[in-house]
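> pasting a predicted model and its sequence here:
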Amino acid sequence: MNSTPTWTLSVKEEQPELPLNSNSMHLLVCKEESGSSLVQEEAAVPHIKEEQEEDGSTVTSLAVKSESRETEPVAGSASTWKHMELQAGLERLSSHGSESDTEDSDEWEESGSASHTGGEEEPFSCTVCGKSFNQTGNLKRHMIIHTGEKPFSCAFCGKSFNLNESLKRHVMIHTGENPYSCTVCGKRFNQIGSLKLHMRIHTGEKPFVCTVCGKAWGEKGHLTKHMRIHTGENPFSCAVCGKCFNRSESLKMHMRIHTGEMPFSCKVCNKRFNRNENLKRHMRTHTGERPFSCKVCVKSFNQSGSLKMHMLSHTGEKPFSCTICGKHFSVKQVLKKHMAIHTEEKPAE
(Lines give C-alpha, C1' and ligand atoms only; values in the text may rest on other atoms or scores of the structure.)
Protein backbone atom coordinates (compact mmCIF):
# COMPACT_ATOMS: atom_id res chain seq x y z
CA MET A 1 0.00 0.00 0.00
CA ASN A 2 1.49 3.32 -1.07
CA SER A 3 1.91 5.87 1.71
CA THR A 4 0.80 9.48 1.26
CA PRO A 5 3.84 11.66 0.39
CA THR A 6 4.82 14.17 3.04
CA TRP A 7 6.67 17.40 2.28
CA THR A 8 8.20 19.79 4.77
CA LEU A 9 9.74 23.23 4.47
CA SER A 10 12.48 24.51 6.79
CA VAL A 11 14.75 27.56 6.89
CA LYS A 12 18.44 27.54 7.74
CA GLU A 13 19.78 30.93 8.79
CA GLU A 14 23.55 31.21 9.12
CA GLN A 15 23.42 34.85 10.31
CA PRO A 16 20.15 35.65 12.17
CA GLU A 17 20.88 39.35 12.24
CA LEU A 18 20.78 39.65 8.42
CA PRO A 19 17.47 40.51 6.67
CA LEU A 20 15.44 37.88 4.86
CA ASN A 21 16.77 38.71 1.38
CA SER A 22 20.37 37.86 2.31
CA ASN A 23 22.14 35.26 0.14
CA SER A 24 23.13 33.44 3.33
CA MET A 25 19.64 31.89 3.64
CA HIS A 26 18.98 28.56 1.92
CA LEU A 27 15.80 26.62 1.46
CA LEU A 28 15.97 22.92 2.17
CA VAL A 29 13.34 20.82 0.44
CA CYS A 30 12.74 17.27 1.54
CA LYS A 31 12.34 15.08 -1.55
CA GLU A 32 10.36 11.84 -1.41
CA GLU A 33 12.30 8.69 -2.25
CA SER A 34 11.47 5.05 -2.11
CA GLY A 35 11.22 3.60 1.38
CA SER A 36 10.88 5.51 4.62
CA SER A 37 14.09 7.55 4.41
CA LEU A 38 14.20 11.15 3.28
CA VAL A 39 17.14 12.89 1.63
CA GLN A 40 17.56 16.65 1.99
CA GLU A 41 18.30 18.48 -1.23
CA GLU A 42 19.43 22.07 -1.30
CA ALA A 43 17.12 24.19 -3.44
CA ALA A 44 18.11 27.11 -5.56
CA VAL A 45 18.54 30.45 -3.86
CA PRO A 46 15.41 32.51 -4.53
CA HIS A 47 15.74 35.23 -7.11
CA ILE A 48 15.21 38.70 -5.66
CA LYS A 49 13.43 41.24 -7.81
CA GLU A 50 12.97 44.88 -6.84
CA GLU A 51 10.49 47.18 -8.60
CA GLN A 52 10.09 50.91 -8.19
CA GLU A 53 6.54 52.11 -7.53
CA GLU A 54 5.11 55.45 -8.62
CA ASP A 55 5.19 56.81 -5.07
CA GLY A 56 8.93 56.14 -4.85
CA SER A 57 8.66 53.05 -2.61
CA THR A 58 10.46 49.84 -3.52
CA VAL A 59 8.66 46.48 -3.64
CA THR A 60 10.78 43.34 -3.24
CA SER A 61 9.47 40.01 -4.56
CA LEU A 62 10.87 36.51 -4.21
CA ALA A 63 10.78 33.91 -6.99
CA VAL A 64 12.08 30.34 -7.01
CA LYS A 65 13.34 28.80 -10.20
CA SER A 66 12.87 25.06 -10.27
CA GLU A 67 15.69 23.13 -11.97
CA SER A 68 14.01 19.75 -11.56
CA ARG A 69 11.05 18.75 -13.65
CA GLU A 70 9.74 16.89 -10.63
CA THR A 71 8.98 20.17 -8.91
CA GLU A 72 7.18 21.80 -11.86
CA PRO A 73 3.50 22.23 -11.19
CA VAL A 74 1.28 19.77 -12.89
CA ALA A 75 -2.41 20.11 -12.24
CA GLY A 76 -3.80 17.32 -10.13
CA SER A 77 -0.41 15.76 -9.25
CA ALA A 78 1.52 15.54 -5.96
CA SER A 79 4.16 17.86 -7.39
CA THR A 80 1.49 20.54 -7.81
CA TRP A 81 0.71 20.32 -4.13
CA LYS A 82 4.43 20.45 -3.31
CA HIS A 83 4.95 23.56 -5.44
CA MET A 84 2.00 25.32 -3.85
CA GLU A 85 3.35 24.50 -0.39
CA LEU A 86 6.73 25.88 -1.34
CA GLN A 87 5.28 29.13 -2.66
CA ALA A 88 3.05 29.51 0.41
CA GLY A 89 6.02 28.87 2.66
CA LEU A 90 8.06 31.54 0.94
CA GLU A 91 5.23 34.02 1.34
CA ARG A 92 4.91 33.17 5.06
CA LEU A 93 8.66 33.60 5.54
CA SER A 94 8.61 36.93 3.76
CA SER A 95 5.68 38.28 5.75
CA HIS A 96 6.98 36.82 9.03
CA GLY A 97 10.40 38.35 8.51
CA SER A 98 9.15 41.85 7.85
CA GLU A 99 6.54 41.77 10.62
CA SER A 100 8.86 40.30 13.28
CA ASP A 101 11.62 42.76 12.43
CA THR A 102 9.20 45.64 12.87
CA GLU A 103 7.80 44.28 16.15
CA ASP A 104 11.25 43.58 17.61
CA SER A 105 12.34 47.08 16.65
CA ASP A 106 9.32 48.64 18.33
CA GLU A 107 9.87 46.62 21.50
CA TRP A 108 13.54 47.58 21.59
CA GLU A 109 12.68 51.24 21.17
CA GLU A 110 10.13 51.10 23.99
CA SER A 111 12.48 49.32 26.38
CA GLY A 112 15.34 51.53 25.30
CA SER A 113 13.41 54.72 25.84
CA ALA A 114 12.42 53.51 29.32
CA SER A 115 15.99 52.69 30.24
CA HIS A 116 17.30 56.05 29.01
CA THR A 117 14.74 58.13 30.86
CA GLY A 118 16.72 57.63 34.07
CA GLY A 119 13.97 55.97 36.14
CA GLU A 120 11.64 52.99 36.33
CA GLU A 121 8.25 53.14 34.71
CA GLU A 122 5.35 53.34 37.15
CA PRO A 123 2.35 52.08 35.19
CA PHE A 124 0.16 51.22 38.21
CA SER A 125 -1.71 54.26 39.54
CA CYS A 126 -3.95 54.71 42.58
CA THR A 127 -7.49 55.59 41.51
CA VAL A 128 -8.01 57.62 44.70
CA CYS A 129 -4.97 59.91 44.97
CA GLY A 130 -3.20 59.24 41.66
CA LYS A 131 0.09 58.07 43.17
CA SER A 132 1.99 55.71 40.81
CA PHE A 133 3.90 52.50 41.51
CA ASN A 134 6.13 50.20 39.47
CA GLN A 135 4.64 46.98 40.88
CA THR A 136 1.07 45.85 41.51
CA GLY A 137 2.05 44.60 44.98
CA ASN A 138 3.13 48.09 46.02
CA LEU A 139 -0.15 49.51 44.75
CA LYS A 140 -2.14 46.93 46.74
CA ARG A 141 -0.28 47.82 49.93
CA HIS A 142 -0.92 51.52 49.24
CA MET A 143 -4.66 51.00 48.75
CA ILE A 144 -4.95 49.76 52.34
CA ILE A 145 -4.34 53.37 53.43
CA HIS A 146 -7.56 54.44 51.70
CA THR A 147 -9.68 51.41 52.63
CA GLY A 148 -8.58 51.34 56.28
CA GLU A 149 -8.17 47.58 56.03
CA LYS A 150 -5.97 45.96 58.70
CA PRO A 151 -5.52 42.33 57.67
CA PHE A 152 -2.56 41.55 59.96
CA SER A 153 -3.47 40.86 63.60
CA CYS A 154 -1.32 40.08 66.64
CA ALA A 155 -1.69 36.54 68.00
CA PHE A 156 -0.94 37.78 71.53
CA CYS A 157 -3.25 40.78 72.02
CA GLY A 158 -5.37 40.85 68.84
CA LYS A 159 -4.26 44.32 67.75
CA SER A 160 -4.50 44.75 63.96
CA PHE A 161 -2.16 46.42 61.50
CA ASN A 162 -2.32 47.37 57.83
CA LEU A 163 1.23 46.15 57.07
CA ASN A 164 2.95 42.91 57.94
CA GLU A 165 6.13 44.84 58.77
CA SER A 166 4.23 46.84 61.41
CA LEU A 167 2.93 43.61 62.94
CA LYS A 168 6.46 42.16 63.14
CA ARG A 169 7.69 45.24 65.01
CA HIS A 170 4.72 45.05 67.37
CA VAL A 171 5.25 41.35 68.19
CA MET A 172 8.74 42.23 69.49
CA ILE A 173 7.02 44.00 72.40
CA HIS A 174 5.53 40.67 73.50
CA THR A 175 8.60 38.55 72.79
CA GLY A 176 11.03 41.05 74.31
CA GLU A 177 13.20 40.84 71.21
CA ASN A 178 15.55 43.79 70.78
CA PRO A 179 17.64 43.15 67.66
CA TYR A 180 19.10 46.66 67.34
CA SER A 181 21.90 47.58 69.75
CA CYS A 182 23.83 50.81 70.34
CA THR A 183 27.51 50.45 69.45
CA VAL A 184 28.46 53.01 72.13
CA CYS A 185 26.63 51.95 75.30
CA GLY A 186 25.13 48.61 74.26
CA LYS A 187 21.50 49.59 74.92
CA ARG A 188 19.13 47.56 72.77
CA PHE A 189 15.95 48.51 70.91
CA ASN A 190 13.20 46.68 69.02
CA GLN A 191 13.01 49.27 66.25
CA ILE A 192 15.79 50.77 64.20
CA GLY A 193 14.09 54.19 64.40
CA SER A 194 14.39 54.11 68.19
CA LEU A 195 18.08 53.31 67.87
CA LYS A 196 18.62 56.26 65.53
CA LEU A 197 16.95 58.61 68.02
CA HIS A 198 19.06 57.17 70.84
CA MET A 199 22.30 57.70 68.92
CA ARG A 200 21.69 61.46 69.00
CA ILE A 201 22.34 61.34 72.74
CA HIS A 202 25.92 60.26 71.99
CA THR A 203 26.45 62.46 68.94
CA GLY A 204 24.76 65.53 70.43
CA GLU A 205 22.84 66.03 67.19
CA LYS A 206 19.75 68.23 67.56
CA PRO A 207 18.27 68.73 64.10
CA PHE A 208 14.89 70.12 65.23
CA VAL A 209 15.22 73.85 65.98
CA CYS A 210 12.57 76.26 67.27
CA THR A 211 12.10 79.09 64.78
CA VAL A 212 11.06 81.48 67.59
CA CYS A 213 13.73 81.11 70.28
CA GLY A 214 16.31 78.92 68.54
CA LYS A 215 16.21 76.10 71.10
CA ALA A 216 16.98 72.70 69.55
CA TRP A 217 15.96 69.08 70.22
CA GLY A 218 16.95 65.65 69.05
CA GLU A 219 13.33 64.53 68.55
CA LYS A 220 10.60 66.18 66.52
CA GLY A 221 7.98 65.41 69.16
CA HIS A 222 9.85 67.50 71.73
CA LEU A 223 9.89 70.47 69.36
CA THR A 224 6.15 70.10 68.73
CA LYS A 225 5.46 70.24 72.49
CA HIS A 226 7.79 73.22 72.92
CA MET A 227 6.10 75.24 70.17
CA ARG A 228 2.88 75.24 72.20
CA ILE A 229 4.62 77.49 74.71
CA HIS A 230 4.94 80.17 72.01
CA THR A 231 1.53 79.60 70.41
CA GLY A 232 -0.34 79.21 73.71
CA GLU A 233 -2.07 76.13 72.36
CA ASN A 234 -3.56 73.80 74.99
CA PRO A 235 -5.12 70.92 73.05
CA PHE A 236 -5.57 68.55 76.01
CA SER A 237 -8.54 69.34 78.26
CA CYS A 238 -9.84 67.72 81.44
CA ALA A 239 -13.23 66.10 80.99
CA VAL A 240 -14.10 66.79 84.66
CA CYS A 241 -13.18 70.42 85.28
CA GLY A 242 -12.33 71.60 81.77
CA LYS A 243 -8.79 72.72 82.59
CA CYS A 244 -6.55 72.65 79.52
CA PHE A 245 -2.94 71.59 79.12
CA ASN A 246 -0.33 71.77 76.37
CA ARG A 247 0.97 68.24 77.01
CA SER A 248 -0.86 64.93 77.34
CA GLU A 249 1.44 63.96 80.25
CA SER A 250 0.31 67.05 82.18
CA LEU A 251 -3.34 66.07 81.67
CA LYS A 252 -2.67 62.53 82.93
CA MET A 253 -1.07 63.85 86.11
CA HIS A 254 -3.93 66.31 86.57
CA MET A 255 -6.56 63.57 86.28
CA ARG A 256 -5.07 61.88 89.37
CA ILE A 257 -6.40 64.81 91.39
CA HIS A 258 -9.94 63.77 90.44
CA THR A 259 -9.40 60.02 90.62
CA GLY A 260 -7.24 60.06 93.76
CA GLU A 261 -4.80 57.69 92.07
CA MET A 262 -1.35 57.56 93.67
CA PRO A 263 0.73 55.05 91.70
CA PHE A 264 4.13 55.96 93.20
CA SER A 265 4.90 54.57 96.66
CA CYS A 266 7.90 54.94 98.98
CA LYS A 267 9.71 51.65 99.62
CA VAL A 268 10.76 52.82 103.08
CA CYS A 269 7.57 54.19 104.68
CA ASN A 270 4.99 53.18 102.02
CA LYS A 271 3.81 56.78 101.61
CA ARG A 272 2.19 57.22 98.22
CA PHE A 273 2.36 60.04 95.68
CA ASN A 274 0.56 60.96 92.47
CA ARG A 275 3.76 62.10 90.74
CA ASN A 276 7.14 60.43 90.43
CA GLU A 277 8.87 63.79 91.05
CA ASN A 278 7.14 64.04 94.43
CA LEU A 279 8.34 60.56 95.35
CA LYS A 280 11.93 61.46 94.42
CA ARG A 281 11.84 64.53 96.67
CA HIS A 282 10.37 62.46 99.48
CA MET A 283 13.09 59.81 99.21
CA ARG A 284 15.71 62.44 100.10
CA THR A 285 14.24 62.68 103.58
CA HIS A 286 15.28 59.05 104.07
CA THR A 287 18.62 59.21 102.32
CA GLY A 288 19.63 62.65 103.63
CA GLU A 289 20.64 63.65 100.13
CA ARG A 290 20.89 67.42 99.51
CA PRO A 291 21.76 67.87 95.84
CA PHE A 292 20.95 71.61 95.66
CA SER A 293 23.69 73.78 97.20
CA CYS A 294 24.05 77.57 97.50
CA LYS A 295 27.00 78.98 95.56
CA VAL A 296 27.36 81.85 98.03
CA CYS A 297 27.36 80.15 101.43
CA VAL A 298 27.55 76.50 100.34
CA LYS A 299 24.37 75.66 102.27
CA SER A 300 22.58 72.60 100.80
CA PHE A 301 18.92 71.71 100.34
CA ASN A 302 16.97 68.64 99.32
CA GLN A 303 14.60 70.60 97.07
CA SER A 304 15.29 73.13 94.34
CA GLY A 305 12.45 75.32 95.62
CA SER A 306 14.12 75.58 99.02
CA LEU A 307 17.36 76.71 97.36
CA LYS A 308 15.53 79.42 95.39
CA MET A 309 13.97 80.86 98.52
CA HIS A 310 17.36 80.80 100.26
CA MET A 311 19.03 82.70 97.42
CA LEU A 312 16.65 85.64 98.03
CA SER A 313 18.41 86.22 101.35
CA HIS A 314 21.63 86.89 99.46
CA THR A 315 20.17 88.99 96.65
CA GLY A 316 17.80 90.99 98.87
CA GLU A 317 15.03 90.41 96.36
CA LYS A 318 11.50 90.51 97.74
CA PRO A 319 9.14 89.30 95.03
CA PHE A 320 6.05 88.86 97.21
CA SER A 321 4.16 92.10 97.93
CA CYS A 322 1.08 92.94 99.97
CA THR A 323 -1.83 94.11 97.79
CA ILE A 324 -3.13 96.35 100.60
CA CYS A 325 -0.11 98.20 101.96
CA GLY A 326 2.50 97.32 99.33
CA LYS A 327 5.03 95.83 101.74
CA HIS A 328 7.41 93.32 100.14
CA PHE A 329 8.61 89.99 101.39
CA SER A 330 11.19 87.48 100.23
CA VAL A 331 9.19 84.42 101.35
CA LYS A 332 5.61 83.69 100.37
CA GLN A 333 4.73 82.19 103.73
CA VAL A 334 5.80 85.42 105.49
CA LEU A 335 3.47 87.36 103.19
CA LYS A 336 0.55 85.14 104.20
CA LYS A 337 1.20 85.85 107.87
CA HIS A 338 1.35 89.57 107.10
CA MET A 339 -2.00 89.52 105.30
CA ALA A 340 -3.65 88.32 108.49
CA ILE A 341 -3.00 91.76 109.98
CA HIS A 342 -5.24 93.38 107.42
CA THR A 343 -7.94 90.70 107.47
CA GLU A 344 -7.74 90.24 111.24
CA GLU A 345 -7.55 86.52 110.67
CA LYS A 346 -5.18 84.42 112.64
CA PRO A 347 -2.91 82.54 110.23
CA ALA A 348 -2.88 78.77 110.47
CA GLU A 349 0.03 77.38 112.44
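Yes, it's here.
> distance of Thr203 from Asn190?
Between Thr203 and Asn190 the computed distance is 21 Å (CB to CB, to the nearest Å). For the C-beta atoms, the positions are set from N, CA and C on the backbone; glycine is no exception.
> neighbour count: the two, which is higher?
Neighbour comparison, Thr203 and Asn190: the larger count goes to Asn190, with 18 against 9 (by other CB atoms under 10 Å).
> His174 is in contact with that one, correct?
No - contact criterion CB atoms under 8 Å: Asn190 and His174 do not qualify, at 10.3 Å.
> and for those two, which residues touch both?
Both Asn190 and His174 lack any common contacting residue under the criterion CB atoms under 8 Å, 6 or more residues apart in numbering.
> secondary structure class for Ser166?
Remark: Ser166 carries the secondary structure label helix [criterion: DSSP: H, G, I helix; E, B strand; the rest coil].
> for it, what are its contacts?
Under the criterion of CB under 8 Å, 6+ apart, the contact partners of Ser166 comprise Phe152.
> quick one, grab the pLDDT at it.
In the predicted model, Ser166 carries a pLDDT score of 88.
> same deal with Ser313?
Ser313 is assigned 83 on the pLDDT scale.
> can you tell me how far it is from Val334?
Relative to Val334, Ser313 is positioned 12 Å away (CB to CB).
> what are the ranges of the strands in the stretch 51-200 of the chain?
For the stretch 51-200 of the chain, the strands identified by DSSP state E, counting those that start in this stretch occupy 58-63, 124-125, 132-133, 152-153, 160-161, 180-181, 188-189, in order along the chain.
> show me the contacts for the residue nearest to Phe156 when sequence neighbours are not counted.
In space, not counting the residues next to it along the chain, Phe156 is nearest to His174; the distance is 4.4 Å by CB to CB, 6 or more residues apart in numbering. Contacts here follow CB under 8 Å, 6+ apart; on that basis His174 touches 154, 156-157.
> so can I have a markdown table of the residues you listed showing distance to Thr183?
Formatted as a markdown table, those follow (distance: CB to CB, whole Å):
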| residue | distance to Thr183 |
| --- | --- |
| Cys154 | 31 |
| Phe156 | 31 |
| Cys157 | 32 |
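> by neighbours, which of those residues wins?
Compared across the contacts of His174, Cys154 has the highest neighbour count, 14 neighbours, by other CB under 10 Å.
> mind listing what it touches?
Cys154 makes contacts with 160-161, 167, 170-171, 174, as judged by CB under 8 Å, 6+ apart.
> also Phe320?
Residues counted as contacts of Phe320 (CB under 8 Å, 6+ apart) are 328-332, 334-335.
> how does it look with 6 Å?
Applying CB atoms under 6 Å, 6 or more residues apart in numbering, one finds that Phe320 lies in contact with 329, 332, 335.
> from the residues you listed, which is closest to Lys252?
Distance ranking of those against Lys252, using CB to CB, places Lys332 first at 28.0 Å.
> specify the beta-bridge partners of the residue lying closest to that closest one once chain neighbours are set aside.
Nearest residue to Lys332, sequence neighbours excluded (CB to CB, 6+ apart): Phe320, at 5.1 Å. For Phe320, the beta-bridge assignment (DSSP bridges) gives partners Phe329.
> okay, Phe320: pLDDT?
The confidence metric pLDDT takes the value 86 at Phe320.
> again with Leu86
If you check Leu86, the pLDDT there is 46.
> tell me the bridge partners for Ser181.
Arg188.
> and it, what pLDDT?
Listed pLDDT for Ser181 reads 93.
> do the same with Asn190
The score at Asn190 is 87. That number is its pLDDT.
> skipping its backbone neighbours, what lies nearest it in space?
Spatially, and ignoring its direct neighbours in sequence, Asn190 is nearest to Met172 (3.9 Å; CB to CB, 6+ apart).
> so how far is Lys220 from the one you found?
23 Å.
> repeat for Phe208
5 Å.
> which of these two has more neighbours?
In this view Phe208 and Lys220 are compared by other CB under 10 Å, and Phe208 has more residues nearby, 16 against 11.
> and the residue nearest to that one when sequence neighbours are not counted, how many neighbours does it have?
Here the nearest residue to Phe208 in space, its sequence neighbours aside, is Leu223; by CB to CB, 6+ apart that works out to 4.1 Å. Number of residues near Leu223 (other CB under 10 Å) recorded here: 18.
> any idea how far Cys210 is from Leu223?
Distance from Leu223 to Cys210, by CB to CB: 6 Å.
> same question, Cys157
The gap separating Cys157 from Cys210 is 38 Å, by CB to CB.
> could you chop this protein up by domain?
Domain assignment for the chain by automatic domain parsing gives 263-315, 318-349.
> could I get the ones you listed as TSV with distance to Lys252?
Formatted as TSV, the entries for the domains of the chain read as follows, by distance: least, CB to CB, whole Å:
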stretch	distance to Lys252
domain 263-315	10
domain 318-349	28
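> how about those domains, which one is nearest Gly148?
When the domains of the chain are ranked by distance to Gly148, counting by CB to CB, first place goes to domain 263-315 at 35.1 Å.
> end to end, how far does that closest one reach?
The first and last residues of domain 263-315 sit 39 Å apart, counting by CA to CA, to the nearest Å.
> cool, stretch 212-223 as well?
Between the start and the finish of stretch 212-223 there is a gap of 11 Å, counting by CA to CA.
> could you number the chain from 689 rather than 1 from now on?
Let's use 689 as the start, then, which means that last one is stretch 900-911.
> which positions in that stretch come out as buried?
Using 16 or more other CB atoms under 10 Å as the test for burial, stretch 900-911 gives 905-906, 911.
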